[in-house]
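sharing a model prediction with you, sequence too.
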Amino acid sequence: MSTKGDYAKVKADIAKLMHQPEYDDGSAGPVLVRLAWHSAGTYDASTDTGGSNGAGMRYEAEGGDPANAGLQHARVFLEPVKEAHPWITYADLWTLAGCVAVEVMGGPEITWRPGRTDYVDDSKLPPRGRLPDATQGADHVRFVFGRMGFNDQEIVALSGAHNLGRCHSDRSGFEGPWVNNPTRFSNQYFKLMTTLKWKEKINPNGVKQFAYVDEETDVELMMLPTDLALVGDKEFKPWVEKYAADKDLFFRDFAKVFDKLMELGIQRDADGKITNSDNVKGGYHAAQRRATLKERRTRAMQSRNPLAKENKKFRSRL
Ligand code: HEM
């Protein structure tokens, strides 16, 4: 167990779990980035609800939202880190893990600030339906991200996270990676979007996406309708072109906007201390680590037989 507040140790442990040869493309990184983004992307600026405080995905109402399908893998990857550093809140752990993942995969360093709290029950969860729907067009994208407080340039920069990872037909209904090397952060997504000829494709499950097949290597890449909406919109397109041409600019802008995303719904005083009313009411609260299977079994046994513990003590005296 580390000293409370030793985030360098937590970061080092997150970096260590990134390599996952049995999982997807061999890295936990992309799904960790998605966990961080979905934990924050529920923010609604007009009502100041949702956002990265609370770690609401621990509760069924948010964690079981079909929009969050697959993110349980990210949460499970992080359990050993929570176990090693029980003082960190889930809300801090998930956001920090997203930032560390971007960096470990070759992306920019992202400023990250601690202090989030975990909800103690599900009464403050944001309603479902706030995350973007990939079957839609530019107006929807602008509406959803506008609600969080992002402008066109920031929306395009954020979308560059689709350089990472892949779609899974059993999670979202879409299938495949956006780029050839989905565990390396780069501006390839913007380059491919502007240079390749994307063809509409209907997956066996009836879901429409866009595909490009490299005839020499037979590798198939994909784009979501919302991805291509960025090049189809005259305000978004110039930013796609800028980021395709200038990797450093993309990295700089991504670092800024991902930091802003991680801070959605978080209020801080001049010293950076979080002042959300949740904190005033509930105090700093790190949710309990999820019990291990062994602990859950023991607890279940004990609740079936409340005297089991007593008996065990008794027997040990025999
Ligand atoms: C219009 C906005 C967006 C839409 C509609 C969208 C939609 C999706 C969908 C459908 C998937 C596939 C999920 C699966 O099947 O596993 C996905 C994956 C992903 N998204 Fe987005 N997304 C959007 C914006 C973002 C943003 C802003 C970020 C981060 C800054 C992000 C990061 C990711 C990552 C890293 C993955 C890969 C996850 C993995 O490999 O498991 N997305 N997104």
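Okay, I see it.

pull the number of nearby residues for the residue in the chain that the ligand sits nearest to.
Here the chain gets closest to the ligand at one residue, residue 165, 2.2 Å apart by Cβ to the nearest ligand atom. C-beta: built from backbone N, CA, C; applies to glycine. For residue 165, the count of nearby residues is 24 (other Cβ atoms under 10 Å).

how about it, nearest residue that isn't a chain neighbour?
residue 30 (2.7 Å; Cβ to Cβ, 6 or more residues apart in numbering).

secondary structure element holding the one you found?
helix 29-40 (DSSP states H and E).

quick one: name whatever helix or strand follows that helix.
Next along from helix 29-40, by DSSP H and E: helix 60-63.

mind listing what's buried in that next one?
62, 63 (16 or more other Cβ atoms under 10 Å).

let me know how buried the closest residue to residue 268 other than its chain neighbours is, in neighbour terms.
Once flanking residues are discounted, residue 268 sits nearest to residue 274: 5.6 Å by Cβ to Cβ, 6+ apart. By other Cβ under 10 Å, the residues close to residue 274 number 17.

CA atoms of the helix holding residue 30 as PDB?
These are the backbone C-alpha positions of helix 29-40, laid out as PDB (Å, rounded to 0.1, in the frame of the first residue of the first chain):
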ATOM      1  CA  GLY A  29      -4.800   1.500 -23.200                       C
ATOM      2  CA  PRO A  30      -7.700   2.200 -25.600                       C
ATOM      3  CA  VAL A  31     -10.400   0.900 -23.400                       C
ATOM      4  CA  LEU A  32      -9.000   2.900 -20.500                       C
ATOM      5  CA  VAL A  33      -9.100   6.100 -22.500                       C
ATOM      6  CA  ARG A  34     -12.800   5.300 -23.400                       C
ATOM      7  CA  LEU A  35     -13.600   4.700 -19.700                       C
ATOM      8  CA  ALA A  36     -12.200   8.100 -18.800                       C
ATOM      9  CA  TRP A  37     -14.100   9.800 -21.600                       C
ATOM     10  CA  HIS A  38     -17.400   8.100 -20.800                       C
ATOM     11  CA  SER A  39     -17.000   8.900 -17.100                       C
ATOM     12  CA  ALA A  40     -16.800  12.600 -18.000                       C
END
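
strands of the chain, residue ranges please.
All strands of the chain, identified by DSSP state E, fall at 166-167, 176-177, 199-202, 208-213, 220-223.

near the ligand, which residues of the stretch 151-300 of the chain are found?
158-159, 161-162, 164-168, 171-172, 174, 224, 226 (Cβ under 6 Å from any ligand atom).

touching, residue 207 and residue 176? I think so.
No. In this structure residue 207 lies outside contact range of residue 176 using Cβ atoms under 8 Å: 11.6 Å.

returning to that earlier point: in the residues of the stretch 151-300 of the chain next to the ligand, find the pair that's most separated.
158 and 168 (20.8 Å; Cβ to Cβ).

quick one: which of those two has more around it?
A direct count of neighbours by other Cβ under 10 Å for residue 158 and residue 168 places residue 158 higher, at 20 against 16.
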